[in-house]
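S.K.: All I have is the shape, not the residue letters:
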Ligand code: HEM
């Protein structure tokens, strides 16, 4: 018989994973490099306009994806216990969970913190004129940390996706 609970949990998990990964790859491949090429005034305006909305979007989807994934894992483990042919734990799935958690932690500890710091620095600095010079050394460092964090998050998300798909189909 069709297990509705499993399907609903899988749908919520995979749906939010797509939104999380999509936003992360969009930042690494298009938004990040384009923001770096903008003039300081335009960059500050863009960050002030989309910075917190983008962060809310990515954090809420990532949190729902992780929570739904953990509930799904707990549910599958309980169901497996009731079956006569109790299948052994798949190491690929465990690897996917670890990669997913690493991506989430990088998102909160590195990406979110750097994004907030950057927005704070931009709101504290008086709006620069379009022809003013490059951003301060500290701002450049935070931007670099943000770019590295976003790249690492996308990499671990990709590894998690790979492991999950292999683990679910073994
Ligand atoms: C703590 C983090 C996570 C947990 C606990 C978790 C747990 C699970 C579980 C239990 C399944 C069902 C596997 C099965 O049907 O045998 C699943 C499926 C899946 N997960 Fe995750 N997951 C996590 C993170 C992620 C991440 C970060 C991604 C992608 C970037 C991801 C992508 C997927 C996909 C695509 C499937 C469906 C695979 C298929 O049916 O072929 N998961 N996950």
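M.R.: Arrived safely. In this text the structure is predicted, and so the values were computed from the model without any measurement.
S.K.: what's near enough to touch residue 146?
M.R.: Counting by Cβ atoms under 8 Å, 6 or more residues apart in numbering, residue 146 touches 32, 110-111, 114-115, 118. Glycine gets a C-beta too; all of them are placed from N, C-alpha and C.
S.K.: Please apply the same query to residue 123.
M.R.: residue 48.
S.K.: so where does it fall, helix or strand?
M.R.: Residue 123 is part of helix 113-124, with elements assigned from DSSP states H and E.
S.K.: and the next element down the chain from that helix?
M.R.: Toward the C-terminus from helix 113-124 - assigned by DSSP H and E - lies helix 137-169.
S.K.: May I see the buried residues of that following helix?
M.R.: Across helix 137-169, burial judged by 16 or more other Cβ atoms under 10 Å covers 139, 142-143, 145-147, 149-157, 159-161, 163-164, 167.
S.K.: Excluding its own residues, what touches the one helix or strand residue 33 maps to? List them.
M.R.: Per DSSP H and E: residue 33 is located in helix 32-37. For helix 32-37, contacts defined as Cβ under 8 Å, 6+ apart pick out 43, 46-47, 143, 146-147, 150.
S.K.: Go again with 6 Å.
M.R.: With Cβ atoms under 6 Å, 6 or more residues apart in numbering as the test, helix 32-37 has contacts from 43, 147.
S.K.: same question for that helix, mean pLDDT?
M.R.: Averaged across helix 32-37, pLDDT comes to 86.
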